[in-house]
Structures are given as structure tokens and as C-alpha cells.
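**Q** what's the 3D shape of this:
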Amino acid sequence: MRVYIAAPYAVRDTIKRLSADLWRIGFTVTSTWLDEAHEINAGTEGAATALDDDAVSAHARQDMADIDRSDVLVLYTAKACGAEGGGGRHIETGYALARDVPVIVIGEPENVFHRLGAPRVTVVPSWHEAVVELAHRLVAAGGAR
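**A** Have a look, this model is predicted:
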């Protein structure tokens with residue numbers, strides 16, 4: 001099963017470590033933003049004003065392609081990960097919902113779309129519970145990766 005993880009850019013390194021958990025248990029993480037080498041600062045977060053328009057556009061298109069390749073999107077809310085960010089995760093979530101990619105929200109819902117309900121959106125309190133939910137989905141899909 002292929003998973004896209006959406007979270008504030010400021011917690012990229014933390015999310016990268018968590019994504020390694022998913023890889024170890026057999027999931028494929030499609031979030032290539034985790035492998036970006038940009039230093040995390042005010043110029044690379046949010047609108048990424050330190051990057052030129054072509055680079056920013058390429059990153060946004062890559063994120064959408066990564067979501068297109070995923071079977072589910074896992075969204076870290078700001079409170080759940082301790083960082084606000086620029087809100088790109090909300091765009092990614094909306095894009096996933098528009099593409100019929102189910103969403104697992106970690107933490108308290110931040111907007112009405114997080115409360116759409118199953119099967120489109122499932123809200124869980126923690127990373128651990130998100131991994132359990134992903135495992136249930138993997139089993140239900142017959143173990144397909």
C-alpha cells in the first residue's frame with residue numbers, strides 16, 4: 001500500500017523518521033518532499049520565497065504526482081506535530097479528496113473537511129493509531145502493497 005504523508009514542512013526530519021517505520025513494515029511512502037535537501041527556514045517554508053517560481057512550481061507538481069501514486073494520505077495536524085506551517089498540507093488534503101484518495105487525519109480536525117467521515121476521512125489521535133489504521137486497510141486489501 002502506498003502512503004503519502006502531509007505535514008508542515010518544518011517537521012520534515014521528524015516525519016522522515018516516522019516514514020521509515022512504514023517502510024520497515026512493508027508500506028511504500030510516496031512523499032518525495034521528505035527527501036528534499038533545502039534547509040528549513042522562513043524562506044523555504046510556506047510560500048518558499050527563497051526559491052524561484054520554477055522550483056516552487058516543480059515541487060508543487062511533484063507533490064500532486066506523489067498523491068496521485070498513493071492509496072491513502074496521512075495528514076498530521078499542526079497540534080499533533082507541534083508546528084503550524086504554511087498550510088500546504090490542507091491543499092494536499094483537498095487534492096487527495098478530489099482524487100478519491102482516502103485521508104487519515106492525525107490529531108484534532110482543523111477544518112470541516114477533516115470531519116467528512118469514513119470512508120473518505122478517518123480521524124485518529126496519534127501516529128501509532130494511524131499505523132494501526134493503515135495496517136487494517138492493508139489487511140482488508142488482501143496485503144497488496
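
**Q** can you give me the helices for the chain?
**A** 12-24, 53-68, 78-81, 88-98, 127-140 (DSSP state H).

**Q** Which of the helices and strands in the protein ranks last by mean pLDDT?
**A** Across the helices and strands of the chain, mean pLDDT, DSSP states H and E gives its lowest value to helix 78-81, namely a mean of 75.

**Q** residue ranges with poor pLDDT in this structure?
**A** 37-51, 81-86, 143-145 (pLDDT under 70).

**Q** please redo it, this time with the cut-off set to 50
**A** 40-45, 47 (pLDDT under 50).

**Q** give me every residue that touches the residue lying farthest from the centre of it.
**A** Within the chain, Asp52 marks the point farthest from the mean C-alpha position, 23.8 Å out by CA atoms, centre = their mean. By CB atoms under 8 Å, 6 or more residues apart in numbering, Asp52 lies in contact with nothing. Placement of C-beta: from N, CA and C, glycine included.

**Q** mind checking how far it is from Ala130?
**A** Separation of Asp52 from Ala130 (CB to CB, to the nearest Å): 35 Å.

**Q** go on, Asn111?
**A** 18 Å.

**Q** Mind checking which of these two has more residues around it?
**A** Ala130 (26 against 11; other CB atoms under 10 Å).

**Q** Show the contacting residues for the more buried one.
**A** Contacts of Ala130 (CB under 8 Å, 6+ apart): Val74, Ile104, Ile106, Val124.

**Q** Most neighbours among the residues you listed, which one is it?
**A** Result: Val74 is most packed of the contacts of Ala130 (other CB under 10 Å), 30 neighbours.
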